[in-house]
Structure formats: C-alpha cells, structure tokens
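A.B. asks: Got a predicted model here, sequence first, then my questions.
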Amino acid sequence: MKYKVVLVPGDGIGPEVAAAACDILKAANAPIEWVQALAGVAALEAGEKELLPASTIAAIREHRVALKGPCTTPVGGGFSSVNVAMRKTLDLYGAVRPVRSLAGVKTRFENVDLVVVRENTEGLYAGIENEITQGVVTSVKVATRQACLRIADFAFRYAVHRNRKKVSVFHKANIMKLSDGMFIRCAREVHDAKYQQIVYEELIIDAACMRLVQDPTRFDVLLMENLYGDVISDLCAGLVGGLGVVPGANLGENCAIFEAVHGSAPDIAGKGIANPLAITMSAVMMLNYIAEMHGDAAVAATATRIRGAYDRALQEGCRTRDLGGELSTRQFADAVIARLG
Ligand code: NAI
C-alpha cells in the first residue's frame with residue numbers, strides 16, 4: 001500500500017532540495033507515491049497562466065497531503081504570493097515550525113526546543129492594500145474572532161498532544177488594540193475554558209524578541225498572528241543554525257502542506273550547495289502526519305529512522321556550507337542515506 005502525496009518542487013533551490021529529500025525517503029522505503037504538480041515561476045515557465053494552477057490545488061485537495069519546495073513570488077508584475085494564496089485557498093490556517101538545537105550544529109545556544117505556531121490566513125497577509133490618494137497607501141490588517149479562536153485552539157491542542165507545557169502569545173495589543181487585542185483575548189478565553197493544564201503567558205512582541213535572543217530555552221510553544229509568525233520563524237531559525245535546518249507544516253481540517261521555512265534562495269540556486277535538511281525534516285513531519293492519520297506504525301518507524309540518520313550524519317560532522325561544512329546537496333543526502341541502517 002502506497003500513500004499518494006503531491007510533490008511541488010517549487011523554484012530556485014526547491015527542485016534540488018526536493019529531489020534530495022525524495023531520494024532519502026525512497027532509500028528508507030517510505031511507502032509514498034509522488035503526484036507531481038507545479039507552482040510558482042516553474043508553473044509559468046511550463047506554460048501555465050497562473051503561479052498557482054487550479055490543477056495543483058485540485059491535486060492537493062484530492063490527495064490531502066503535499067510536500068512543497070519554496071516558490072518565488074516575482075516582485076511587482078501584479079502577482080500575489082503563491083504561498084499565501086495556497087494557504088488561503090486550502091484554508092491551511094495553522095503553521096507549525098519546530099525549532100530545535102541539533103547535535104553537531106554549533107550555535108550560541110544549546111537545548112533550544114520550541115515551536116512557532118502561526119496563524120496563516122489573516123493579518124496583514126489578507127493583501128488588502130489601497131492607494132487612497134497619490135503617495136498615501138493603506139494596508140489592512142484583518143482579524144476575525146473565528147480565526148483567532150481557531151488558531152488558539154489549534155496551538156493548545158498541539159501543546160497537549162505533544163506534551164508541551166507552556167504557550168506564549170506574542171502580540172502588539174498595546175498599539176493594535178482591536179486586532180491584536182482580540183487575538184490575545186481569544187487565546188486567553190480558549191486557554192481558560194479548555195487548557196488550564198498548559199501554562200499561559202502573553203508577551204509584547206518587541207520585548208519577546210529580546211528575550212528570545214537572550215535565552216530561547218525559556219520558550220516552549222509560541223503563538224502569534226501571520227506577519228509576526230513569518231518574522232519570528234526566521235529569527236528562531238537563526239538560533240539553531242539558520243534556514244537550512246527548520247521545517248514546517250501548514251495544516252487545515254482537510255489537507256496539509258509540508259515545507260521548509262526558507263525561500264527559494266536565488267543567490268545559491270542551481271549551484272547544488274543548498275541544505276536539503278529543512279525539507280527532509282518537513283518530509284519526516286509529513287510521514288508522522290500520515291502515520292497518525294492512517295494509524296500506520298510502520299510509517300512512523302520510517303520517519304524515526306530518517307530522523308536518526310540525519311541526526312547521526314550531523315553528529316559525525318556531515319554538513320553543507322550554510323552550517324560551515326563542505327558537502328553539496330547531493331553529498332549530504334548520500335550521507336543521510338548511508339546512515340539509514
Ligand atoms: P530565502 O529563505 O530564500 O534566503 C535567505 C538566505 O538564506 C539566502 O542567503 C539563502 O541562500 C539562505 N538559504 C535559504 N535556504 C537555504 C538552504 N536550504 N540552504 C542554504 N542556504 C539557504 O529568503 P529570500 O531571499 O528572502 O526569498 C527568496 C524568494 O523565496 C522570494 O521570492 C520569496 O518570496 C520566496 N519565499 C518563499 C517561501 C516559500 O515558498 N515558503 C518562504 C520564504 C520566501
């Protein structure tokens with residue numbers, strides 16, 4: 001029995017790192033059958049009219065799980081972000097980005113183990129911008145009570161399920177009293193009603209950033225709206241080695257897309273030097289998701305094997321250039337495959 005998963009290689013380094021991750025999954029005998037789909041500049045280059053073809057959305061709706069490489073959104077030219085559009089169209093309202101220290105990746109901190117939970121459908125990413133008169137533009141931040149309650153419940157449920165102890169909400173409700181005010185009120189309401197076993201705190205985001213870079217080990221699950229989640233995810237990646245080592249999942253009620261936090265990295269695309277670890281880690285999250293969805297312990301075991309293999313590879317000094325090593329994308333993937341056991 002094979003699970004059909006949509007593979008969207010994406011742009012820039014996307015196809016390189018996606019190919020490496022697929023090779024690792026194949027070598028581990030993960031029971032996955034890939035359904036190829038296009039998005040981003042790759043879709044335009046293949047003759048599609050849109051960055052996000054309807055056929056790609058239909059494939060993800062049908063198969064319910066996708067592994068995705070990063071997609072470039074051309075600046076200007078009237079294109080809206082393919083990533084934002086994908087998450088909104090499929091209502092993938094919860095982004096989960098686990099950030100953990102890795103043995104063999106030396107950084108300023110040890111024992112970082114936190115998870116960024118980001119609301120994926122609203123905030124300033126609603127994309128409502130107007131030029132109200134020449135030289136004056138407005139950008140509308142959208143917050144609905146329904147979406148705030150939903151993401152809060154998602155974060156607390158995640159915390160309980162993963163045996164996490166604390167949820168910290170980052171906000172700027174001192175300035176954005178209505179929008180961020182509602183976000184924290186909803187989080188508080190959900191916590192008090194259903195999740196009192198989880199420690200709850202609220203932090204104004206500027207001070208929270210200072211605390212994060214002073215001592216990230218005091219944090220556990222972080223909950224925030226869309227833009228803050230985007231920025232804080234990259235900040236947290238910097239605490240554990242950079243964008244090459246942080247995976248992610250975009251989850252909704254009906255489907256899920258797994259992708260690294262990083263973008264298409266045009267500065268290194270085509271050189272074969274990108275770190276394939278973040279998308280491989282995302283693929284491991286995907287296998288665990290499939291395992292839970294289908295109650296398939298063998299798939300969970302495969303995920304654990306792959307995770308063990310890349311942890312060992314890093315511990316034994318196998319590293320791509322972003323981590324101070326010399327391995328190419330391909331060589332790192334081969335090093336992981338050699339340690340699958
Ligand atoms: P980026 O994440 O692509 O790159 C930032 C820096 O990190 C670059 O120096 C890059 O070389 C490095 N980097 C990123 N991933 C790496 C990896 N796996 N291995 C080694 N080094 C890595 O961010 P940037 O430059 O702001 O965005 C480039 C494009 O990506 C833009 O078009 C943006 O819209 C898109 N993007 C797409 C995302 C997605 O599809 N989920 C997420 C973020 C950005």
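C.D. replies: Sure thing, it's come through. Numbering: from 1, shown residues only.
A.B. asks: quick one: the residue of the stretch 151-300 of the chain found nearest the ligand from Val65, how far?
C.D. replies: Nearest residue of the stretch 151-300 of the chain to the ligand, counting by C-beta to the nearest ligand atom: Gly263, 2.4 Å away. Backbone N, C-alpha and C define where each C-beta goes, glycine included. Shown here: Gly263 relative to Val65, a distance of 22 Å by C-beta to C-beta, to the nearest Å.
A.B. asks: circling back to that earlier point, count of residues packed around the residue of the stretch 151-300 of the chain closest to the ligand?
C.D. replies: By the criterion of other C-beta atoms under 10 Å, Gly263 has 19 neighbours.
A.B. asks: now do the one 3 residues further on
C.D. replies: By the measure other C-beta under 10 Å, the count of residues near Pro266 is 11.
A.B. asks: surely it meets Gly10?
C.D. replies: No - using C-beta atoms under 8 Å as the test, Pro266 is too far from Gly10 to be in contact (12.0 Å).
A.B. asks: okay, and the common contacts of the two?
C.D. replies: By C-beta atoms under 8 Å, 6 or more residues apart in numbering, Pro266 and Gly10 have these common neighbours: Thr72.
A.B. asks: My understanding was that Thr116 contacts Ile232; is that so?
C.D. replies: Heads up, residue 116 is Val, not Thr. Yes - using C-beta under 8 Å, Val116 is in contact with Ile232, at 5.8 Å.
A.B. asks: Can you check which residues contact both of these two?
C.D. replies: Leu222, Met224.
A.B. asks: more neighbours, the two?
C.D. replies: More crowded of Val116 and Ile232, by other C-beta under 10 Å: Val116, with 28 against 22.
A.B. asks: anything in the one helix or strand that one maps to near the ligand?
C.D. replies: Assigned by DSSP states H and E, Val116 belongs to strand 113-119. No - using C-beta under 6 Å from any ligand atom, strand 113-119 stays clear of the ligand, coming no nearer than 11.9 Å.
A.B. asks: Grab the CA positions of that strand and hand them over as CSV.
C.D. replies: Extracted in CSV, the C-alpha atoms of strand 113-119 (Å, rounded to 0.1, in the frame of the first residue of the first chain):
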residue,chain,number,x,y,z
ASP,A,113,13.3,23.3,21.6
LEU,A,114,10.4,25.5,20.7
VAL,A,115,7.6,25.5,18.2
VAL,A,116,6.3,28.6,16.4
VAL,A,117,2.5,28.3,15.7
ARG,A,118,1.5,31.0,13.2
GLU,A,119,-2.0,32.0,12.0
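A.B. asks: Could you report the neighbour count for Ile57?
C.D. replies: Counted by other C-beta under 10 Å, the residues lying close to Ile57 total 19.
A.B. asks: Would you enumerate the residues in contact with it?
C.D. replies: By C-beta under 8 Å, 6+ apart, the contact set of Ile57 is Met86, Thr89, Leu90.
A.B. asks: are any of those buried, and which?
C.D. replies: Listed as buried from the contacts of Ile57 are Met86, Leu90; burial here means 16 or more other C-beta atoms under 10 Å.
A.B. asks: can you put the contacts of Ile57 in CSV and add pLDDT, secondary structure and distance to the ligand?
C.D. replies: Rendered in CSV, the data for the contacts of Ile57 read as follows (pLDDT from 0 to 100; DSSP: H, G, I helix; E, B strand; the rest coil; distance: C-beta to the nearest ligand atom, whole Å):
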residue, pLDDT, secondary structure, distance to the ligand
Met86, 94, helix, 9
Thr89, 95, helix, 15
Leu90, 97, coil, 14
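A.B. asks: which strands and helices sit next to the strand holding Val116?
C.D. replies: Here strand 113-119 touches strand 94-100, helix 145-161, strand 221-224, helix 226-240, going by 3 or more C-beta pairs under 8 Å, 6 or more residues apart in numbering; DSSP states H and E.
A.B. asks: Within its sheet, name the partner strands of the shortest one and how each one runs.
C.D. replies: Put plainly, it is strand 221-224. Paired with strand 221-224 in the same sheet, following DSSP bridges, are strand 113-119 (parallel), strand 166-171 (parallel).
A.B. asks: Where does Val5 sit: helix, strand or coil?
C.D. replies: strand (DSSP: H, G, I helix; E, B strand; the rest coil).
A.B. asks: need the contact list for it.
C.D. replies: By C-beta under 8 Å, 6+ apart, the contact set of Val5 is Ile32, Glu33, Trp34, Val35, His63, Val65, Ala66, Leu67, Met286, Ile290.
A.B. asks: Quick check: of the residues you listed, which lies closest to Arg164?
C.D. replies: Using C-beta to C-beta, Met286 comes nearest to Arg164 of the contacts of Val5, at 20.4 Å.
A.B. asks: Lovely, talk soon.
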